[in-house]
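*Asks:* Return atomic coordinates for the entry below.
(one chain, ligands or ions: 1)
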Amino acid sequence: MKLFYFPGACSIGIHALLEEIGKPYELLKVDFLTGAQFKHEYTDINPKAKVPALLRDDGTLVTEWPAIAWYLAKSNPQLGMIPADLEGETRLLEVLDYMIATVHMRGFTRIFRSGAFTPTKADEPAVQQTGRDIIADGFKLLSHTLGEKTYLLGEYSIGDLALFMLEFWAGARLNLPMPENLKAHYERMCARPAVQRTLAAEGFA
Ligand SMILES: N[C@@H](CCC(=O)N[C@@H](CS)C(=O)NCC(=O)O)C(=O)O
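*Replies:* Residues are numbered from 1 along each chain as shown. You can find the predicted model right below:
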């Protein structure tokens, strides 16, 4: 099993999941700083030019954060990182899709890749402000979902790893405001040995 990643990118949540699983895997860095995601050596493998991407031992590739996390969690049921019942699965998919498709792709990506949202350089600050607004709305909703619970849906799940990734960006990279219960969730996640190993391996500890 090989994970294509870049330090601090959304692949960090999948990296932490592989650490939770604890089976051998290989990390392959796609160096965004040199534009390696767009070079044929990578796009021949993943034409989407994005990370994360998981290359399985049979040579097949899985892309898209929720699909990779779902595959890894389902193939390691001993971890119990997907609820066993239909209602739990539905709620997990609901919150995962919101975190990735809305808060990540519509919010954080506006900040990290402003140029992809406007052809006009002068408009980029406004694009970033829209991103911050989407993130603030997202955090309000996710804070409500978490409430006083330890983990997003009660039991620890792959949803917590997606939330960790958003909290990491907001807290460690962008210094954005976060509701108190999300800050506490982030601290709980950072205390997990698997997350600590991930942060250290990506150069953030
Ligand atoms: N929908 C994809 C999004 C993946 C994505 O946007 N990844 C970013 C890193 S966080 C990326 O690879 N960006 C490449 C770039 O900006 O050129 C998923 O869920 O995995």
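*Asks:* Over the helix ranked longest in the chain, what's the mean pLDDT, rounded is fine.
*Replies:* The residue-count maximum for a helix in the chain (DSSP state H) belongs to helix 124-146. On average, the pLDDT along helix 124-146 is 98.
*Asks:* chain center to it: distance?
*Replies:* 16 Å (Cα atoms, centre = their mean, to the nearest Å).
*Asks:* show me the contacts for the most centrally placed residue in the chain.
*Replies:* By Cα atoms, centre = their mean, the chain has its centre lying nearest to Cys10, at 3.9 Å. Contacts here follow Cβ atoms under 8 Å, 6 or more residues apart in numbering; on that basis Cys10 touches Val51, Pro52, Trp65, Ile100, His104, Met165. In short, each C-beta sits where N, CA and C put it, glycine included.
*Asks:* Just the buried residues of stretch 76-94, please?
*Replies:* Asn76, Leu79, Met81, Ile82, Pro83, Arg91, Leu92 (16 or more other Cβ atoms under 10 Å).
*Asks:* Sort out which one of those residues lies nearest the ligand for me.
*Replies:* Leu92 (15.1 Å; Cβ to the nearest ligand atom).
*Asks:* Could you double-check that that closest one lies in contact with Tyr156?
*Replies:* No - applying Cβ atoms under 8 Å as the test, Leu92 and Tyr156 come out as separate, 11.5 Å apart.
*Asks:* Alpha carbons only: can I get the helix or strand where Gly13 lies in CSV?
*Replies:* Assigned by DSSP states H and E, Gly13 falls within helix 11-21. Provided in CSV are the C-alpha atoms of helix 11-21 (Å, rounded to 0.1, in the frame of the first residue of the first chain):
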residue,chain,number,x,y,z
SER,A,11,-3.6,13.7,2.7
ILE,A,12,-2.6,14.2,6.3
GLY,A,13,-5.9,12.8,7.5
ILE,A,14,-5.4,9.6,5.4
HIS,A,15,-1.8,9.4,6.6
ALA,A,16,-3.1,9.5,10.2
LEU,A,17,-5.7,6.8,9.4
LEU,A,18,-2.9,4.5,8.1
GLU,A,19,-1.0,5.2,11.3
GLU,A,20,-4.2,4.2,13.3
ILE,A,21,-4.4,1.0,11.3
